[in-house]
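> can't give you the sequence, but here's the structure:
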Ligand SMILES: C[S@@+](CC[C@H](N)C(=O)[O-])C[C@H]1O[C@@H](n2cnc3c(N)ncnc32)[C@H](O)[C@@H]1O
């Protein structure tokens, strides 16, 4: 059923892309489509759905529906260290956007058991993987995955088994902003302003440029590769994110160096920094 849902949506996306931009984009669309069918972004029609079309790389299926992402094994320990510092004394809720396989979420939920963890992803195959990891780990503080499109104007929190609209200590987003359109970055900032508590944080992990400069040659190469696959993707710049954050009533308050030329960006409510 979900395969059929994906196939139908893929056809719609390709039609939309071709009719908007012509043959060169059709070639790109076909290339992206064939490169990773499983990770293609699907969901209700609309520009943000189409713009979120993506390739997640080299996930492998383990037992059942559990997917394994190689990058998880390289980055989870260093991200967990930062989360312990930021969230170690909290006991509210954390929403993860674009949870992918779900491996990060169950790992962080085990490390920080006083918090309630809410995974989300628009891709139903990823939601199956998230729920399969949770079934394996049986953590009392992890909720079922939900379909949240970060770019949506309303995340509809507090309804239909979705995370609560209040008591949100953190929104976490790992390796999503460079493989989605800028609308996803804007939607994430908008929702963070709306939903996180007064002292809450938006935590974003990934490769970022700083003030127009890539922090490593490999990030520049990666950026070019992303843009060649899809001209709406690309390594985001902290300066652009800071401007957008301010427009949404947030501030970029910390930029933490992480291994392999990645960063964690922390955003908080602007009123905490008069
Ligand atoms: C590169 S994967 C990262 C997955 C996971 N966070 C990790 O680091 O392993 C990007 C994820 O973003 C999700 N995604 C794509 N478009 C999105 C959107 N508009 N809103 C929320 N998530 C989105 C994809 O389905 C995918 O699971």
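All right, it came through fine. None of these values were measured; they are calculated from a predicted model.

> can you give me the strands in the stretch 101-250 of the chain?
116-118, 168-174, 196-206, 208-209, 236-237, 250-258 (DSSP state E, counting those that start in this stretch).

> mind listing the strands the second one pairs with, and their directions?
Meaning strand 168-174. strand 93-97 (parallel), strand 196-206 (parallel) (DSSP bridges).

> residue 222: neighbouring residues, count only.
17 (other C-beta atoms under 10 Å). The C-beta positions use only the backbone N, C-alpha and C, and glycine is treated the same way.

> residues contacting it?
Residues near residue 222 by C-beta atoms under 8 Å, 6 or more residues apart in numbering: 178, 207, 235.

> save the residues you listed as CSV, and put in pLDDT too.
Converted to CSV, these look like this (pLDDT from 0 to 100):
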residue, pLDDT
178, 97
207, 98
235, 98
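
> most neighbours, which of those residues?
residue 207 (24 neighbours).

> for it, give me phi and psi.
phi -80, psi 130 (degrees, to the nearest 10).

> same question for residue 121.
According to degrees, to the nearest 10, residue 121 has phi -170, psi 140.

> host element of the nearest residue to it once chain neighbours are set aside?
For residue 121, ignoring the flanking residues on the chain, the nearest one in space by C-beta to C-beta, 6 or more residues apart in numbering is residue 99 at 5.0 Å. Take DSSP states H and E as the rule and residue 99 turns out to sit in neither a helix nor a strand.

> does residue 99 touch residue 133 like I think?
No. Applying C-beta atoms under 8 Å as the test, residue 99 and residue 133 come out as separate, 9.5 Å apart.

> okay, and the common contacts of these two?
residue 105.

> which residues does the closest residue in space to residue 195 that isn't next to it in sequence bridge with?
Nearest residue to residue 195, sequence neighbours excluded (C-beta to C-beta, 6+ apart): residue 168, at 4.8 Å. Residue 168 has these beta-bridge partners by DSSP bridges: residue 93, residue 196.

> list the contacts for residue 168?
92, 93, 94, 95, 157, 195, 196, 197, 200.

> isn't the second one right next to residue 164, touching?
This means residue 93. Yes. Using C-beta under 8 Å, residue 93 is in contact with residue 164, at 6.0 Å.

> more crowded one of those two?
Neighbours were counted for residue 93 and for residue 164 using other C-beta under 10 Å; residue 93 has more, 24 against 15.

> closest point of the protein to the ligand, which residue?
residue 100 (2.4 Å; C-beta to the nearest ligand atom).

> ramachandran angles for residue 248?
phi -100, psi 10.

> ok, residue 234 next?
phi 150, psi 160.

> what about it, how many neighbours?
The number of residues near residue 234, taken as other C-beta under 10 Å, comes to 22.

> offset the numbering so it begins at 524, please.
Shifting the count to begin at 524 puts that one at residue 757.

> can you check the pLDDT for it?
pLDDT, residue 757: 97.

> so it makes contact with residue 749?
Yes. Counting by C-beta under 8 Å, residue 757 touches residue 749, with 5.3 Å between them.

> out of the contacts of residue 691, who's the most crowded?
residue 618 (30 neighbours).

> correct me if wrong: it contacts residue 639.
No. Taking C-beta under 8 Å as the definition, residue 618 is not a contact partner of residue 639, at 9.7 Å.
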